[in-house]
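# Here is a sequence with its predicted model. Questions after.
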Amino acid sequence: MLYAILCYHEEDVVWSWSAEQEAAVMTRLAEVQAPMIASGKMGPSLRLMPTTTATTLRKTKDAPLVIDGPFAETKEQLLGFYVVEVADLEEALAIARDLAAANPGGAYELRPVALYNPDQRPGLAP
Amino acid sequence: MTDPAWIENALVGARPRVVGALLRYFRDLDLAEEGFQDACLRALRHWPNKGPPRDPVAWLIMVGRNAGVDGVRRRARNAPPLPDEAVLSDLDDVEAPLAERLDDSHYQDDVLRLLFVCCHPDLPQTQQVALALRIVAGLTVAQIARAFLVSETAMEQRITRAKARVARGTVPFEAPDAAERERRLATVSAMIYLIFNEGYSAGDGAYRTRLCDDAIRLGRLLQRLFPAEPEVMGLTALMLLQHARHPARFDAAGRIVLLEEQDRTRWNRKLIAEGLALVEKALRHRASGPYQIQAAIAALHDRAETAEATDWAQIDLLYGVLEWLSPSPVVTLNRAVAVSKSRGAEAALAMIEPLGEALAGYFHFHGVRGALLWQCGRRAQARTAFDKAIALANTAAEADHIRDHLDRLMAEAAREGRG
């Protein structure tokens, strides 16, 4: 089954990483991801820009309202996500534990994927 | 989680909010700072074993406040015994209600007040910047001293003097009204851009770069406090779009590489993308301002794949708007550079001649003027202008850069003299 692993952390902290810290985290994450990629468990993953770049469209009754900033003002922000192919929640949790060890701080929210549409852009569809 | 580097990042990230809240309690910068330092020391002792608290900011505020209150008591009458360490740092009960209180707009005013205190109008700009770097960004005195190329003692004195002046003056602690907020926002924005320029203008080097990073962090912080202010978006975008070119701005020997000659593949595409996203957001507001215009100009440079592809006519237009919004001889000088590309060196030279008096002591004026004169074939005058620029250079890199021009100019003259 497909699980989304949503990454939450304080962006103040993440965006104040030095280049060296960033490189170290990415190296450790790549080590966690390598066996997942090899065993065909690793779906798409992405990192979002800071919430300062976010714009929110509120679906109000009449014309939708466009608001600057993220949908929810929270102490920890949604920073990105992974999609992984796993047998069950336990396996998803095991992956999340490995990711957490490689990139500490914040939280992962694990949510089963209900509908998955692959990339439809020309030349990119699997 | 218990990685000291992670804890350090958490403490740096929490700093403005915690010091801001402590300043509200104590109404005293030194006490607020000491409270934060105490809380950090306790965090470094407790978090590695117990794990970080659910809400590090609330934890630090609470511990910092207790420690500060204790410090005040100790000073007031000679030292009742310190509360037990465990009592001071065991905050499982207090954390939840405090965290809820922090969720309201309280901390917005706390952080803005903290930033604003550092821009106290009685302080000269050099002190404003030093104070903000120390109090808000949390740089050590040694780090700030190195960035400003002064001795640690001199910087220590500068900051102490600034604090004393702030303590004497009155900074209102009640929540500001809309007009006051607007004014504070403009002052704070100017101070942040000043920090950025300190880092950007002068030479390569880790300490200078650090100032740019800190200014960008403060910009993002300000933007989260005021998510719908287009000028704040413009300020952050401007810094991101300029800082993105940093990896290409100096050669291996630390010499300045001009925008036209930079290796554009070395520009930081992530920062450019973030800056462009902010420019787009800001433009939607249709409320133009100087930071947005400057960001739009930086965006045009960053978007050009080659120097030749730069849309100089558009940049000339934008500088025209900027001249109208906030007239200054420096803006006109910058516009002249765009004009020299779109309309030729003679037109640019005519534009800057009236600035001679206002910018007589400005390095860049003589550098630009020299280059324009040279392009017009007036080599003797160009040489005089370059000599003036070298005399006014702020850094060795700036002087070297102009010397390069002079050398090439002399070589050209010699070649033609022979031929």
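Here it is on my side, so go on.
# C-alpha from now on. contacts and neighbour counts both.
Will do.
# name the element the spatially most central residue of chain A belongs to?
In chain A, the centroid-proximal residue (Cα atoms, centre = their mean) is A:Phe81; its distance is 1.3 Å. Using DSSP states H and E, A:Phe81 sits within strand A:77-85.
# now the helix or strand that that strand is followed by: how far from the chain's centre is it?
Next in sequence after strand A:77-85, counting helices and strands by DSSP H and E, comes helix A:89-102. Remark: helix A:89-102 is offset 13 Å from the chain centroid, using Cα atoms, centre = their mean, to the nearest Å.
# what does stretch B:293-306 give?
Put simply, stretch B:293-306 sits 19 Å off its chain's centre (Cα atoms, centre = their mean).
# thinking again about what came up before, thinking the residue nearest to the centre of chain A is in contact with A:Ile5, fair?
Yes: A:Phe81 is within contact range of A:Ile5, at 5.5 Å (criterion: Cα atoms under 8 Å).
# re the thing from before, does any part of the strand holding A:Phe81 sit near chain B?
No: Strand A:77-85 stays clear of chain B (Cα under 8 Å from any Cα of the partner chain), getting no nearer than 12.0 Å.
# Quick one: name the residues of chain A near chain B.
Counting by Cα under 8 Å from any Cα, the residues of chain A near chain B are A:12-13, A:16-17, A:49, A:52-53, A:55, A:67-69, A:101, A:104-105.
# could you dump these to TSV with secondary structure and distance to B:Ala39?
Compiled in TSV, the residues of chain A next to chain B are given as follows (DSSP: H, G, I helix; E, B strand; the rest coil; distance: Cα to Cα, whole Å):
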residue	secondary structure	distance to B:Ala39
A:Asp12	helix	19
A:Val13	helix	18
A:Ser16	coil	20
A:Trp17	coil	22
A:Met49	coil	31
A:Thr52	helix	29
A:Thr53	helix	32
A:Thr55	strand	36
A:Ile67	strand	36
A:Asp68	strand	34
A:Gly69	coil	31
A:Ala101	helix	26
A:Pro104	coil	21
A:Gly105	coil	19
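# average pLDDT for the strand holding A:Phe81?
On average, the pLDDT along strand A:77-85 is 96.
# In that strand, which residues are buried?
Residues A:Gln77, A:Leu78, A:Leu79, A:Phe81, A:Tyr82, A:Val83, A:Val84, A:Glu85 are the ones in strand A:77-85 that count as buried (16 or more other Cα atoms under 10 Å in any protein chain shown).
# where's the last one relative to A:Ile95, distance?
What that stands for is A:Glu85. The gap separating A:Glu85 from A:Ile95 is 10 Å, by Cα to Cα, to the nearest Å.
# Kindly report the same for the fourth one.
Computed with Cα to Cα, the distance linking A:Phe81 and A:Ile95 is 13 Å.
# Over to the fifth one?
Counting by Cα to Cα, the gap between A:Tyr82 and A:Ile95 amounts to 10 Å.
# now do the first one
Per Cα to Cα, A:Gln77 is found 21 Å from A:Ile95.
# related to what we said a few turns ago, could I get the residues of chain A next to chain B as CSV with neighbour count?
Shown next, in CSV, are the residues of chain A next to chain B (neighbours: other Cα atoms under 10 Å in any protein chain shown):
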residue, neighbour count
A:Asp12, 20
A:Val13, 20
A:Ser16, 18
A:Trp17, 16
A:Met49, 18
A:Thr52, 25
A:Thr53, 24
A:Thr55, 18
A:Ile67, 14
A:Asp68, 20
A:Gly69, 21
A:Ala101, 14
A:Pro104, 16
A:Gly105, 20
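# Pull the most distant pair out of the residues you listed.
A:Ile67 and A:Ala101 (36.0 Å; Cα to Cα).
# Run the chain-centre distance for whichever helix or strand B:Ala186 is part of.
Assigned by DSSP H and E, B:Ala186 belongs to helix B:178-201. Relative to its chain's centre, helix B:178-201 lies at 8 Å (Cα atoms, centre = their mean).
# how about the helix or strand just after that helix, does it get close to chain A?
Downstream of helix B:178-201, the next assigned helix or strand under DSSP H and E is helix B:206-225. Yes: Helix B:206-225 comes into contact with chain A (Cα under 8 Å from any Cα), by way of B:Arg217, B:Arg220, B:Gln223, B:Arg224.
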